[in-house]
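**Q** show me how the following folds:
(2 chains)
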Amino acid sequence: GDSVTQTEGLVTLTEGLPVMLNCTYQTIYSNPFLFWYVQHLNESPRLLLKSFTDNKRTEHQGFHATLHKSSSSFHLQKSSAQLSDSALYYCALSESSGSWQLIFGSGTQLTVMP
Amino acid sequence: EAAVTQSPRNKVAVTGGKVTLSCNQTNNHNNMYWYRQDTGHGLRLIHYSYGAGSTEKGDIPDGYKASRPSQENFSLILELATPSQTSVYFCASGDKFSGNTLYFGEGSRLIVV
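**A** All right, here's what the predicted structure looks like:
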């Protein structure tokens, strides 16, 4: 079945450094939607950005990601981390040909230190 | 912004008691979901629904029932609550026309003693 892999469970970095959170996926369908959700402490997950288009960069709130179907990847990046970026980040997949189930990765906890 | 509201926000229940978590959405989304979130486990799908009258089992349905009496409302029912069901529960609604983008409620924190 479909799956999403986030290899880093915990990422700690210093304010001002670049952020890259990895996300790869597996699906038998050719037109998946890929999502990044962010969850701050004591809040609910909310959509950060999403993409359906191959090789097109998607940006929101300083973060960006590009869906690469050739490598089944959708990595989240930001050029300069801020303290307020500390949160739990989920990568997720849904596909348009079947049940539209959203498959979540295990999440990456990002902590930004001063 | 899509609106999903959950009640109660906090609940303490006794072992063996019945708990009902309620969710209401005003987005007219067909799809609704119940997840639980525990440290080290991320979001785990319990039950979901494609519309009024339908419920489907997710990845961890044991010990839970679901009810979708209308487009707007989706409830999660714990008939015999156990301490292992202590968790934070999130309801979400989704719109397939946006790739099933999910909008989450604020969460319900359940403690079973």
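
**Q** and the strands in chain A?
**A** With DSSP state E as the criterion, chain A has strands at A:3-5, A:10-14, A:19-21, A:24-26, A:32-39, A:46-51, A:57-60, A:63-66, A:76-78, A:87-95, A:103-104, A:108-113.

**Q** adding mean neighbour count, distance to B:Cys23 and mean pLDDT as columns, could you present those strands in TSV?
**A** (Glycine included, C-beta is placed from N, CA and C.) Below are the strands of chain A laid out as TSV (neighbours: other Cβ atoms under 10 Å in any protein chain shown; distance: least, Cβ to Cβ, whole Å; pLDDT from 0 to 100):
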stretch	mean neighbour count	distance to B:Cys23	mean pLDDT
strand A:3-5	16	24	95
strand A:10-14	12	31	97
strand A:19-21	18	29	97
strand A:24-26	17	28	96
strand A:32-39	24	18	95
strand A:46-51	18	16	95
strand A:57-60	14	26	97
strand A:63-66	20	28	98
strand A:76-78	19	28	98
strand A:87-95	24	19	94
strand A:103-104	20	18	92
strand A:108-113	17	26	97
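
**Q** for B:Val12, which of those strands is the nearest?
**A** When the strands of chain A are compared by Cβ to Cβ, strand A:32-39 sits nearest B:Val12, at 23.7 Å.

**Q** what pairs with the closest one, parallel or antiparallel?
**A** Strand A:32-39 pairs in its sheet with strand A:46-51 (antiparallel), strand A:87-95 (antiparallel), by DSSP bridges.

**Q** how many neighbours does B:Thr39 have?
**A** Residues near B:Thr39, counting by other Cβ atoms under 10 Å in any protein chain shown, number 8.

**Q** now do the same for B:Ala2: its pLDDT.
**A** B:Ala2 is assigned 58 on the pLDDT scale.

**Q** would you mind listing what in chain B touches chain A?
**A** For chain B, the contact set with chain A under Cβ under 8 Å from any Cβ of the partner chain comprises B:31, B:33, B:42-43, B:48, B:90, B:94, B:96, B:98-107.

**Q** any of those buried? List them.
**A** Among the residues of chain B next to chain A, those classed as buried by 16 or more other Cβ atoms under 10 Å in any protein chain shown are B:31, B:33, B:42-43, B:48, B:90, B:94, B:98-105, B:107.

**Q** now do the contacts for the residue nearest in space to the middle of chain B.
**A** When Cα atoms, centre = their mean is applied to chain B, the residue found nearest the centroid is B:Trp34 (2.8 Å). Counting by Cβ atoms under 8 Å, 6 or more residues apart in numbering or on different chains, B:Trp34 makes contact with B:21, B:23, B:45-48, B:58, B:64, B:66, B:74, B:76, B:89-91.

**Q** do B:His29 as well
**A** B:Ala2, B:Ser93, B:Gly94, B:Asp95, B:Tyr103.

**Q** if we go to 7 Å?
**A** Contact analysis of B:His29 by Cβ atoms under 7 Å, 6 or more residues apart in numbering or on different chains lists B:Ser93, B:Gly94, B:Asp95.
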